[in-house]
Structures are given as C-alpha cells and as structure tokens.
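Undergrad: Build me a model:
(chains A, B, C and D)
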Protein chains: 2
Amino acid sequence: MQVKALTEGRDCLQYPRNESGYIMIVSGNMTPKATTLQDVSRHLGLSTATVSRVMNGSSKVRPATRARVLRAIEELGYTRNYAARALARKQTDTLGVIFPNIDSGFFSEVLKGIHEVATLYKFQLMVAFSIGTRDEPDLVSEYLLGGRVDGLILMNLDMPEEFIRQAAQQRLPVALVDRPVGGADVAMVSLDNVIGAQQAVSHLIEHGYERIAVLKGPEGTFDAEQRWLGCQQVFDRVGRTPDPRLIWEGDFHRRSGYQRMSAWLDAGRQPPDAVFALNDAMAIGVMEALRERNLGVPDDVALVGFDDVEAAPLLGLTTVRSPMREMGRLASEAIIELLRNGRTRTRRVLATELVVRQTCGGHRAGG
Amino acid sequence: MQVKALTEGRDCLQYPRNESGYIMIVSGNMTPKATTLQDVSRHLGLSTATVSRVMNGSSKVRPATRARVLRAIEELGYTRNYAARALARKQTDTLGVIFPNIDSGFFSEVLKGIHEVATLYKFQLMVAFSIGTRDEPDLVSEYLLGGRVDGLILMNLDMPEEFIRQAAQQRLPVALVDRPVGGADVAMVSLDNVIGAQQAVSHLIEHGYERIAVLKGPEGTFDAEQRWLGCQQVFDRVGRTPDPRLIWEGDFHRRSGYQRMSAWLDAGRQPPDAVFALNDAMAIGVMEALRERNLGVPDDVALVGFDDVEAAPLLGLTTVRSPMREMGRLASEAIIELLRNGRTRTRRVLATELVVRQTCGGHRAGG
DNA sequence: ATGAAAGCGCTAACAT
DNA sequence: ATGTTAGCGCTTTCAT
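TA: So this is what the prediction gives:
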C-alpha cells in the first residue's frame, strides 16, 4: 500500500491555466471555499468514489469516464485537500527532517541530498531545527506519533540513546545521519570518521611535519571522538607520542579554532609546524588567527581541516571531504525503503577523501 | 496511520515514559491503532469535547477535570492527530517555503530568519526547492490550494508576474522575498539593491580607482538589474562614462566571475584597477582568477562584492551586506500577520551596508 | 465500472 | 462546565 502511494496519483492533477499556462486563482473572498471532490462528482452526476479513483489513477474507470472527470477537474480547478487525504489514508507523503541547528554548510549539503531523493519519490519535506526551541523527543513525537510525517531523518541529534534504541525496536521509520547508536538496529548513515582522520594525519606526517597540533571536537560527540581515535591510531602506528600541549580542546565552532590558536601564539610559544582541526569551521578559525598575526599558511603553519564545507575550496583549505550530500541521499532512501518494505539496511558508512589544496601539501600558485 | 501503526503499543495503547522523561515505545506489534481523543475520553467517562478543550487550553474546564484529563493523556501516551485537526480546523499551522534552488549561502541565511520567527509563533516549516523538479505554480497550488500550508514564502522565484498579481488580488497569504512585482499589492521583503550598488561604486571611486570593471548579473533578474542601475547612477553623478569593455556580463555564479576575469587577462589586456562584482559568488571567482595569475588583491586589482555570504569575511572580501536573515524574519512576520489580520505591509525594503575588508579600502594586516 | 456509505480523528457550534 | 453531534474532504470496502 505504501508502495503504491509512492508511485501513483500525482500525475493526474490538473489546474485551470491561463494562456501562459499558469494557474489562475479564481475565488474572490478571503476564505475561498475550495472546490471539493464532491463538487466535482456532483457536477458530473458521478459518485465521489469514481472521481477519487481517477485522482488516484485507478484502472477501474472507463476511459470515457476518466476523460470527463479530468475535464471537470480542470474546469473547476480542483485541488485535492491534503489533510483529508492524509486523514483517510493515514499517510502523509511527507518526510520530516530534524537538524540540531542551522549553522554551517553541513546542514544545507545534507539537506540537498535528502531533498533530491525525497522529490524523486514524491515526498514533501518538513524541516525543523531543534535549536534550543523545544525538546527533540517532543518534536519527534509530534511529527511521528502525531502523524505529521511518515518518516523522520534525524541529523546528529543530542537525543538519548535509550530513545533511539526503542524507536528502532519498534521499527519506527527513523533514520539517523552521522549519529550511530550502540546496540540498536536503527537505520543510520554515517561517514568513516576514523579513516578520515587517519588520512589527514598520515598526510601531515608524510609531508614531514613534526610538531603537529590537533584541535579536537566537543567531548562526547560521536564524530569528534571517532576522528580523535583515528588520529591516535596513526600516531601509534608510526611510534610517535604527540605533545600533550599540542592537543587542544575545541567545540567544532570557528571561534574555538581562533581562540586556541590565538592563545597559543599570544603566550609567545613557538607555533606548531601544522594543525589538524577536526572540522573545517575550526580550521578556518585557526587560519584567521594566523593571518592576524602575519603567519603564513602553509609556510609557517600547515593546516588541514575536516568536512570540505563550501568555503574550503575558496580558502584553499586542505581537508577531508565528508560525503554530506550522499549521506542525505542515503538517509532518504533508507526511510523510503523502510516505509515500503518495513526494513532497510541498518548501517551505511561512507568513505571520506582527502582533498589536497594549498594549506597543506598543495601546489602554491605564486612562489 | 502507518506511522502510528509502527509505533503503537498493544491494545492498551500506552506510551509510558522512563525515568528521564522520554517516551518509551512498548509494543512489538505492527498493526495496532493509535490512541485517539476518543480513547482518552472513554477512558475517563468524559466527552471528546472536554478532552479537546483541555488539549486546546480552553478555560472552560474545571481545574479538577483538567488535571484528570492531563493525567490520562500522559498515561495513555496520547498525541493528537495532525491531519484530523487540520481537516477540522482548516488550518495547518504550517508555513511553506519555496526556494528556486538550494545553492549558495543565501538560502540558508534566509531560512534561518524564517525559521526563527515561525518557531516563535509555533509554525512548522515545509520547504521545497523548485529546482527543476516541477513547475513552481504547481507547487504553490498544491501547497496553498491543497491546504498543505497556511501561507507561503516565495524566494526570488522565476514565476510569472501575472500569477503573483492574481494571488495578491485574492489576498492569498503569500510573501515574496527579494522579488518585487509591479502593480501588485502582495507582501514582499527585499533589500535596497540600488543603494547597495551605489555604496560599492562610490567607495571605489572615493578610493581613487579609475578603471573600474563591473561584473553584471543575469539579464532580466530583478536584483541584478537594480544593482546595475545603482552603478550607472553613480557613474552619471560623478560625470564618468564607464568603459564599455569593462562592463562584463555575468550570471551570479562563481564560474562566470572566474571566466570573465581570466578571459580579460589571458587576452593580454591590462587589468582594471578595480572590479565590482554584483554578487559575492562572482567576486570569489574573480579572486581565484587573479590568484592563479599572481595578481594581488587589492594591490593589483581591488575587488568589491555584494551579499556578504558566509565565506566573505574569511576571504577578506569587501562587500555590500544583504540583510538575508532579516529578510527571512520579516517574510515570516508578514505571512503571520496576513494570517491574523488579513493584511500586512505590502512592501519592505531593507537597507544594505558596505562592509570594508581587505580587498578594497581595508587595512591590510601585513604590508 | 460505478455507487453507497462507513469511517479517519478532531473541532466547534449548539445544547444542557 | 460538560455533552451531543454534525461536519471537515477524502479513501475504501462492499454492493451492484
């Protein structure tokens, strides 16, 4: 049933059009009584069932009848009422997307991917940012249990594992992006943070950098911890012990990159040879701090970030690319599959890729 | 609902909460029914009206009754059904947002503003990108006429004026962002593109630049034309006639900035003193072209952009700030006011601001 | 192939 | 303050 809903129906929608082919809105008052199915059926002396069948592309309608109905629909400018349909079908053809915040290029990239696939399968998107406005579980509850959406994509949310685990157990149509949960069979799409970090650190080491600073992410965050783990593994493998003073705490925001780097320099310490910031935002902050103090990148300090946000190529930032768009696509697909088949692959981990630009290891344009 | 079916408990329909206050989903069953208003009212021996009143915060309920109801709601894990409510009220508490595409930092900034205000007034957001997927008027129709949303914010869409004018005439709750329409009384929020461009060109002239190139935007686009108009006005005012060879056609995409600048230089022509790109994306393209050819900014060529996108401060780009966030806020406000009062200010034009950074007129950090 | 009718779950008069 | 009830507009058996 879900399956059919994905493929049928919408194409037979018709609206009255003027000579340039666009919809004309006909009614006059503020609360125009919209044309209903009933109106159409009465107009034709048919039953609502038949008109409904035509709207939904049922084959059990005589072609002649179908044609009449379609014409009437066009003439009367009928648009089917979404709420009524959703109520009757118990299905909304809508996917919910909840982001923890609206900052950074990250979210818009992921959203692109989600939108791409959702549109393909004729789903609308309802998006929310749980940015301090309300409890995430409440949002989830209203969306899913309240029937606002058919499925939900949760983007690296700060939500108790317990909650997610239970959702998974019930096979709630929920997909997690970049936020795996231990011991739960919930659909999730993430990227290989460990390998990504390894790529970055290896690159730094291969290029001969010795005093490498690592700017970490927020404590307790999945991706931050995975990335840090990757760093440690490389250091171990090559038998190095990083200078603890060069392991800096960060919070994934630009400001913390700026502050850490500034603090280090302002204390009169010798700059590290290179900095690996566990995300691009912080790397950019580091860049700013360096520029302010007339230190060259990479000549004085090499720099590598993580994510490859939109600004990265503009800044010539060497970084590890997160497949954000692709994660979005897969998340949509997972939900839709879940809706169709009641199950889907629970776990997909996408590969990262080191993108070498000017801030570390790249060819510089001018001497 | 499918959704509920997946989430639902056994026949007793409970969503008890665990100690941390989060919803626990208990059952394993895939087909049971969700808790409804009726269930709650029957459970208490009250009418659905009373329970509904409690849900809607009506004052005409005895406190004792209210308390009983609230407890039952919690016990039974009742979440009200959105579709049913929307159908009965003919109201969705949802705002639709349609963007022409999903590129550039522009959209996410505007969306932030929209979301901020929408959340404040307890509206959900339904967003779509009419990115070549379907006709914009169709989307508008499905959203508005189909009752998916209460109001619509259209972001600089490529939609016939005729259509918009009619929508306005019907006082459909539609707000336009950065896309004024002649002769229509439709709510719109834009920025002062003319003055913005004037600020940029004046700044360039004041700083003594003579051979100023202007990189225009796509023909027929409102903001592109307004900005170009502003340029011309300043040139006129100071009695200059810009060299026509230095008026370049662009399309607001980074690539065109890169190409124009490259083409000029590769033809062996002397670079202009300065370039005013009518948006930041193109300015960034120009920067890249210059950097590739070892030309310094602003030493060899000064550069000014328009918009102040996220990357602008990182690149030290002098530019004219578009109040994107604020436009989003005002658009939300306009719609909500329209919904409440049936009318709103039809036109708001926000001021721009010149942001002086390194690429023109700013203090350079290091000689 | 078409129709009749029973909901879907909620709100909002209109009673009481 | 609480109950009754008639919709909201559509889908979907079940008849015919």
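
Undergrad: Quick one: name the residues of the stretch 251-367 of chain A near chain B.
TA: Counting by CB under 8 Å from any CB of the partner chain, the residues of the stretch 251-367 of chain A close to chain B are A:284, A:287-288, A:291-292, A:294, A:310-311, A:314-315, A:339, A:342, A:365-366. Glycine gets a C-beta too; all of them are placed from N, C-alpha and C.

Undergrad: how many neighbours does the residue nearest to A:Val189 when sequence neighbours are not counted have?
TA: If the residues on either side of it in the chain are set aside, A:Val189 comes closest to A:Leu330, at 4.4 Å by CB to CB, 6 or more residues apart in numbering or on different chains. By the criterion of other CB atoms under 10 Å in any protein chain shown, A:Leu330 has 24 neighbours.

Undergrad: which of the residues in the helix or strand where A:Val51 lies are buried?
TA: Following DSSP states H and E, one finds A:Val51 within helix A:48-55. Within helix A:48-55, the residues that qualify as buried by neighbour count (16 or more other CB atoms under 10 Å in any protein chain shown) are A:Thr50, A:Val51, A:Ser52, A:Arg53, A:Val54, A:Met55.

Undergrad: wait, what's in contact with the closest residue in space to A:Asp300 that isn't next to it in sequence?
TA: For A:Asp300, the nearest residue in space outside its immediate sequence neighbours is A:Pro271; the separation is 6.1 Å by CB to CB, 6+ apart. With contacts taken as CB atoms under 8 Å, 6 or more residues apart in numbering or on different chains, A:Pro271 has the following neighbours: A:Trp264, A:Leu265, A:Leu290, A:Leu295, A:Asp300, A:Val301.

Undergrad: For A:Pro271, grab phi and psi.
TA: With angles defined as degrees, to the nearest 10, A:Pro271 shows backbone torsions of phi -60, psi 150.

Undergrad: quick revisit: helices and strands around the helix holding A:Val51, which ones?
TA: Other elements packing on helix A:48-55 under the criterion 3 or more CB pairs under 8 Å, 6 or more residues apart in numbering or on different chains; DSSP states H and E are helix A:37-44, helix A:63-76.

Undergrad: can you tell me if the next helix or strand after the longest one touches DNA strand D.
TA: Toward the C-terminus, helix A:63-76 is succeeded by helix A:82-89 as the next helix or strand (DSSP H and E). Yes - judged by CB under 7 Å from any atom of the strand, helix A:82-89 comes into contact with DNA strand D through A:Ala84, A:Arg85, A:Leu87, A:Ala88, A:Arg89.

Undergrad: Only the buried subset of those residues, as a PyMOL command please.
TA: In PyMOL, this line selects whichever of these come out buried by 16+ other CB under 10 Å:
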select buried, chain A and resi 84+85+87+89
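
Undergrad: thinking again about what came up before, need the helices and strands packed on helix A:48-55 in a markdown table with mean pLDDT and distance to B:Glu219, can you?
TA: As requested, the helices and strands packed on helix A:48-55 are arranged in a markdown table below (pLDDT from 0 to 100; distance: least, CB to CB, whole Å):
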| stretch | mean pLDDT | distance to B:Glu219 |
| --- | --- | --- |
| helix A:37-44 | 95 | 43 |
| helix A:63-76 | 95 | 35 |
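
Undergrad: Next, format these as CSV and append distance to DNA strand C.
TA: Below are the helices and strands packed on helix A:48-55 laid out as CSV (distance: least, CB to the nearest atom of the strand, whole Å):
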stretch, distance to DNA strand C
helix A:37-44, 7
helix A:63-76, 4
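
Undergrad: Could you dump the ones you listed into a markdown table with mean neighbour count added?
TA: Formatted as a markdown table, the helices and strands packed on helix A:48-55 follow (neighbours: other CB atoms under 10 Å in any protein chain shown):
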| stretch | mean neighbour count |
| --- | --- |
| helix A:37-44 | 17 |
| helix A:63-76 | 16 |
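
Undergrad: okay, those in TSV with distance to A:Leu278 next?
TA: Converted to TSV, the helices and strands packed on helix A:48-55 look like this (distance: least, CB to CB, whole Å):
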stretch	distance to A:Leu278
helix A:37-44	56
helix A:63-76	56
